[in-house]
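# Starting from these lines, generate the structure:
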Amino acid sequence: MGNGTTVQEFTLEGFPAIQHLGRLLFSVHLLAYLASITGNVVIVSVVCTSAHLKTPMYFFLGIFSFFECCFTSAVIPKLLAIFLLGKQTISFVACFVQAFVFVFIGAFGFLLIAVMSVDRCVAICKPLHYPTIMNPRTCPLLITACLAVTFAFITWVVVKVSRLSFCGPHVIPHFFCDLGPLIHLSCSDTRSAETLTFGLALFILLSSLVVTIVAYSGIVVTIVRLPSARERQKAFSTCSSHLIVLSLMYGSCVFIYVKPRQTSRLESNRAAALVNTVLTPLLNPVIYTLRNKQVHRALREAVCRIKMSR
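So this is what the prediction gives:
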């Protein structure tokens, strides 16, 4: 806790304009949350149990779905409590824990998306070398490296913000604890914390985006050189789901974080954050399974196994 801090808890403002619709909003968000958790848990289960999905692509997809469950669970349960019970207060420590978990998983997600882009690039551009490059040792090492880098950077930023002085006001104009609104509430000099937060967001987004652009540039060049239209369509279909998810993630997060001042456009930021924490995790299982024949096959086999066990 920073020097001069007198605030022991914060109040999450939520959505004051529609707070009177608490029970309806609770029902809608509860259904979306349960659907998101169910969809991502199904993907994780299928990837872990199906013999047809023991490839790096589905290994990364399983990791991504697991962290999507954690990501939405860091925010939505508290939002449901606000809607149903009107419980808007959160302790100082719990607020920073929530901010850490949210930003950590979000940043890791972007690095994982970049790794998944590289995996698709190697699979399409270097198919003969793919089993050698993306071997069972390389994939866990890539995940561990992403986790270590993310943990180091996010811990640095969150500790920096937590050491600011908070002496009032204590109302966070958001529905969860995020670093931008917390910095805005500090009564000390926040320029270094704002610069560090902005720089980290820019670094995570740009580094993952550059890797993704380079990977997909190679993919596009390779696809264009394929002799038949059927081969080109098949190669592109393996990347289309990834591109849709990537667009959703980058669109909402660039809108929220990549601007030097975090005090502007609070209402639009809340809406973008709601898309990022509710809609995107809900759509990801649908996007990744809708056109994936191997996942369809694994799901059918899983259903058959369940029926036979009865």
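# Where does pLDDT dip in the chain?
Applying pLDDT under 70 to the chain flags residues 1-5, 17-19, 235, 238, 252, 254-269, 290-291, 309-310.
# for it, what spans make up the strands?
According to DSSP state E, the chain carries its strands in the segments 9-12, 89-91, 171-172.
# what would these look like in JSON lines with mean neighbour count?
Placement of C-beta: from N, CA and C, glycine included. Formatted as JSON lines, those follow (neighbours: other CB atoms under 10 Å):
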{"stretch": "strand 9-12", "mean neighbour count": "18"}
{"stretch": "strand 89-91", "mean neighbour count": "16"}
{"stretch": "strand 171-172", "mean neighbour count": "18"}
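# Save these as TSV, and put in distance to Thr280 too.
Formatted as TSV, the strands of the chain follow (distance: least, CB to CB, whole Å):
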stretch	distance to Thr280
strand 9-12	21
strand 89-91	23
strand 171-172	22
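# Which one, of these, ends up nearest to Ile82?
strand 9-12 (6.2 Å; CB to CB).
# and that closest one, which strands flank it?
Next to strand 9-12 in the sheet, as set by DSSP bridges, lie strand 89-91 (antiparallel), strand 171-172 (parallel).
# can you put these in JSON lines and add distance to Gly106?
Listed next are those as JSON lines, based on distance: least, CB to CB, whole Å:
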{"stretch": "strand 89-91", "distance to Gly106": "19"}
{"stretch": "strand 171-172", "distance to Gly106": "18"}
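# Tell me which of those strands lies nearest to Ser162.
Nearest of the strands paired with strand 9-12 (CB to CB): strand 89-91, 12.7 Å.
# Let me see the ranges of the helices in the stretch 151-300 of the chain.
179-185, 191-225, 229-257, 266-274, 280-290, 293-309 (DSSP state H, counting those that start in this stretch).
# a markdown table for those helices, including distance to Pro131 and mean neighbour count?
Formatted as a markdown table, the helices of the stretch 151-300 of the chain follow (distance: least, CB to CB, whole Å; neighbours: other CB atoms under 10 Å):
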| stretch | distance to Pro131 | mean neighbour count |
| --- | --- | --- |
| helix 179-185 | 41 | 22 |
| helix 191-225 | 18 | 16 |
| helix 229-257 | 16 | 16 |
| helix 266-274 | 40 | 17 |
| helix 280-290 | 22 | 20 |
| helix 293-309 | 17 | 12 |
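# Can you check which of these gets nearest to Val44?
helix 280-290 (9.9 Å).
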